[in-house]
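Student: Got a sequence here, can you model it:
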Amino acid sequence: MDFGFTDLSVSLNTSNTINDYSVKMLAKTMDVNEQMGQNLVQMIDSAAMERSVNPSVGANFDMTV
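Tutor: As a prediction, this is how the structure comes out:
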């Protein structure tokens, strides 16, 4: 195939645009995952606090079949 300078420039710009978009999407995904992790830690901490106030609540359950 015969590529001219214009075709090469367009291909490189397209490749750079796709790469930039991918990096930004990855960064956003990492931010969302970090926030979800922080929320999970907060939920675990609040559950631990509830157990410290009411240690018998949720510790055991009776089951019959």
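Student: burial measure for residue 55, as a count.
Tutor: By other Cβ atoms under 10 Å, the residues close to residue 55 number 9. For the C-beta atoms, the positions are set from N, CA and C on the backbone; glycine is no exception.
Student: can you check residue 46 too?
Tutor: Neighbour number of residue 46 under other Cβ under 10 Å is 10.
Student: Show me the shaky parts of the chain.
Tutor: 1-3, 57-59 (pLDDT under 70).
Student: How about the secondary structure of residue 63?
Tutor: Assigned with DSSP: H, G, I helix; E, B strand; the rest coil, residue 63 falls in the coil class.
Student: and the gap between residue 38 and residue 54?
Tutor: 25 Å (Cβ to Cβ, to the nearest Å).
Student: same question, residue 18
Tutor: For residue 18, the distance to residue 54 - Cβ to Cβ - is 54 Å.
Student: same check, this time on residue 48
Tutor: Taken as Cβ to Cβ, the span from residue 48 to residue 54 is 12 Å.
Student: How about residue 23?
Tutor: Applying Cβ to Cβ to residue 23 and residue 54 gives a distance of 47 Å.
Student: Next, the residue positioned nearest the centre of the chain: secondary structure please.
Tutor: With distances taken as Cα atoms, centre = their mean, residue 33 lies nearest the centre of the chain, 2.2 Å away. Secondary structure, three-state DSSP: residue 33 is helix.
Student: what's the answer for residue 7, then?
Tutor: Applying three-state DSSP to residue 7 yields a three-state assignment of helix.
Student: What is the neighbour count of it?
Tutor: Neighbours of residue 7 using other Cβ under 10 Å come to 11.
Student: can you check residue 51 too?
Tutor: For residue 51, the number of neighbouring residues by other Cβ under 10 Å comes to 13.
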